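Peer 1: Curious how this folds, go ahead:
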Amino acid sequence: MPATSSKIGVLVAQLGTPETPTARALRPYLREFLSDPRVVDLNPLRWYPILYLFVLTLRPKRSAALYANVWTDEGSPLMVHSKAQTRGLQERLGDDYRVILGMRYGEPSITRAIRTLEQEEIDRILVFPMYPQFSCTTTGSIYDAVNRAACGRRCPWFFDRKRSMPALRFVPPYYDHPAYIDALRQSVADEVARLDWTPDRYLITFHGIPKRYVDEGDPYRRQCEETRRLLARALDLSDDQWLGGFQSRFGKEPWLEPYTEEVLEGLGAQDVRRIVAACPGFTADCLETLDEIGREGAEQFRSGGGEALHLVPCLNDHPAWLDAMATIARAELMGWKA
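Peer 2: Next up is the predicted model:
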C-alpha cells in the first residue's frame with residue numbers, strides 16, 4: 001500500500017522515568033518495569049508475590065528519595081535530555097522526517113508515539129533505541145513494545161483489530177559505530193580538559209545484567225567490552241590507565257562482574273587517588289549515572305582511600321552525539337525516500 005504521508009517517522013526509544021520523584025509515581029513505574037519478562041524472567045507465579053507483597057511496598061519510597069537527589073527544576077534528567085536529543089535529531093534530519101520520543105516504561109509511551117505517527121498518516125517508522133549495546137533486557141524489550149503497538153498485539157492471545165500496520169525498521173546495535181565512539185571520545189576529552197588535575201585511572205562502567213542471561217546467549221557483555229576497548233583506544237589510554245565494571249545489581253542472582261562498587265572500593269589499595277568515571281551504555285544521564293556513580297560511587301571510592309571521582313556527563317545533547325545520531329539514522333533510512 002503506498003505511503004499516505006511523504007514523511008518518515010523516527011522513534012527515539014528510551015527506557016523511561018517516573019513523572020515525579022514520589023512513592024506514588026514510582027509505584028506504577030516500577031510495576032510496569034519489573035513486570036516486564038524481558039527484565040525479570042522468573043516464573044510469574046514465583047515472582048509476582050514477591051513483586052507485589054514486598055518490592056512494590058518497600059522500594060517506591062526508597063527509590064523516590066534517590067530520584068529526589070537528581071531531580072531538576074525542569075523535571076527528570078532522563079526526560080530533559082531525551083527531549084533535547086529528539087529536538088536535535090529533528091533539526092539535523094529536517095522537515096521530511098517526524099522525530100518523536102517514546103518511553104518503554106511510563107509516559108510518553110511507545111504506544112502513544114506509534115499512535116501519534118499513525119494519526120499523522122505516517123506508515124514508515126525507523127525505531128532508534130537509545131541503547132548502544134544490545135541486551136534482551138533493554139533493546140529486546142523495545143522490540144516487543146514497538147511490535148505490539150504497531151501490530152496491535154496486546155498479548156499472545158489477543159489482538160487489536162488493526163487493518164493497517166506501518167513498515168518498521170530498527171537501528172541495529174551501534175556499540176562499535178565510529179560516530180558513537182568518536183562522540184564518546186569528545187565528551188570525555190572535553191570534560192577532562194576542564195579538570196585542574198590529572199586522573200590516575202579512567203573507570204568505564206556499564207549497567208549490569210544477570211550473568212545467566214549472557215550464558216544463555218545475550219551478547220551484551222561482549223558488546224560492552226568492545227565499546228570499552230574502542231573508547232580507551234580513541235582516548236589513547238594504555239591498558240593500565242583504565243578499568244571496567246558493571247553496576248546496578250538487583251536481587252540475589254549473580255550478575256556480570258567485576259561489580260563497579262567493589263572496583264571503586266578496592267582502588268585505594270592500589271594507590272589510586274583520583275579517577276574519571278564514564279558510563280557509555282547510557283546515552284542520557286539518569287539515576288544510575290548521577291546518583292549511583294556520581295554520589296554513591298564517589299562515596300565508595302573515598303571509603304577505600306580515594307580522594308576524587310569526577311563523573312563525565314552522558315552524551316545527552318552533546319553536539320557530537322546529536323551529529324552521530326543523525327549519521328546512524330541516515331544510514332538506516334537509506335532506500336526510504338521522504
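Peer 1: Quick check: which ranges of the stretch 101-250 of the chain have low pLDDT?
Peer 2: 154-159 (pLDDT under 70).
Peer 1: Show me the helices in it, by range?
Peer 2: Assigned by DSSP state H, counting those that start in this stretch, the stretch 101-250 of the chain shows helices spanning 110-119, 139-151, 178-193, 211-215, 220-234.
Peer 1: in the first one, what's buried?
Peer 2: Of the residues in helix 110-119, those buried under the neighbour-count criterion (16 or more other C-beta atoms under 10 Å) are 110-111, 113-114, 116-118. From N, CA and C alone the C-beta is placed, and that goes for glycine too.
Peer 1: pLDDT score for the residue positioned nearest the centre of the chain?
Peer 2: Note on the chain: the residue nearest the mean C-alpha position is F282, at 4.4 Å, using C-alpha atoms, centre = their mean. Turning to F282, the model gives it a pLDDT of 98.
Peer 1: now A338
Peer 2: Looking at A338, its pLDDT stands at 62.
Peer 1: before we move on, back to that, could you redo the helices of the stretch 101-250 of the chain as a markdown table and give each row distance to L42?
Peer 2: Converted to a markdown table, those look like this (distance: least, C-beta to C-beta, whole Å):
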| stretch | distance to L42 |
| --- | --- |
| helix 110-119 | 24 |
| helix 139-151 | 16 |
| helix 178-193 | 33 |
| helix 211-215 | 11 |
| helix 220-234 | 19 |
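Peer 1: Of all the ones you listed, which one comes closest to A167?
Peer 2: Nearest to A167, of all the helices of the stretch 101-250 of the chain, is helix 139-151, at 9.1 Å by C-beta to C-beta.
Peer 1: which of the residues in the closest one are buried?
Peer 2: For helix 139-151, the neighbour count (16+ other C-beta under 10 Å) marks 139-150 as buried.
Peer 1: Closest to G88 out of those residues?
Peer 2: G88 lies nearest to I142 out of these, by C-beta to C-beta, at 20.1 Å.
Peer 1: Touching, the closest one and Y131? I think so.
Peer 2: Yes: taking C-beta atoms under 8 Å as the definition, I142 is a contact partner of Y131 at 7.4 Å.
Peer 1: can you give me the mean pLDDT across stretch 307-319?
Peer 2: Averaged over stretch 307-319, pLDDT sits at 98.
Peer 1: From the chain's centroid, how far away is that stretch?
Peer 2: With C-alpha atoms, centre = their mean, to the nearest Å as the basis, stretch 307-319 stands 15 Å off its chain's centre.
Peer 1: same deal with stretch 106-124?
Peer 2: Using C-alpha atoms, centre = their mean, the offset of stretch 106-124 from its chain centre is 20 Å.
Peer 1: How about stretch 99-109?
Peer 2: Its chain's C-alpha centre lies 13 Å from the corresponding centre of stretch 99-109 when counted by C-alpha atoms, centre = their mean.
Peer 1: ok, now how distant is I209 from A284?
Peer 2: 19 Å (C-beta to C-beta, to the nearest Å).
Peer 1: do V39 as well
Peer 2: As judged by C-beta to C-beta, V39 and A284 stand 19 Å apart.
Peer 1: These two: who's more crowded?
Peer 2: More crowded of V39 and A284, by other C-beta atoms under 10 Å: A284, with 25 against 20.
Peer 1: Name the helix or strand for the more buried one, please.
Peer 2: For A284, there is no helix or strand it lies in under DSSP states H and E.
Peer 1: Can you give me the domain assignment for this structure?
Peer 2: As assigned by automatic domain parsing, the chain contains the domains 8-174+320-333, 178-311.
Peer 1: now the end-to-end length of the first one.
Peer 2: This means domain 8-174+320-333. Using C-alpha to C-alpha, to the nearest Å, the end-to-end distance of domain 8-174+320-333 comes to 9 Å.
Peer 1: Specify which member of the buried residues of helix 139-151 is nearest to T260.
Peer 2: Once C-beta to C-beta is applied, the member of the buried residues of helix 139-151 that ends up nearest T260 is T139, at 21.4 Å.
Peer 1: which residues touch that closest one?
Peer 2: By C-beta atoms under 8 Å, 6 or more residues apart in numbering, the contact list for T139 reads 129, 131, 173.
Peer 1: Switch the residues you listed over to a markdown table; also include distance to D240 and neighbour count.
Peer 2: Output for the contacts of T139, formatted as a markdown table (distance: C-beta to C-beta, whole Å; neighbours: other C-beta atoms under 10 Å):
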| residue | distance to D240 | neighbour count |
| --- | --- | --- |
| P129 | 34 | 25 |
| Y131 | 30 | 27 |
| P173 | 29 | 19 |
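Peer 1: Show me the strands in the stretch 201-338 of the chain, by range?
Peer 2: For the stretch 201-338 of the chain, the strands defined by DSSP state E, counting those that start in this stretch occupy 201-207, 242-247, 274-278, 308-311.
Peer 1: highest average neighbour count across those?
Peer 2: Mean neighbours per residue, mean count of other C-beta atoms under 10 Å, is largest over the strands of the stretch 201-338 of the chain for strand 201-207, with a mean of 25.
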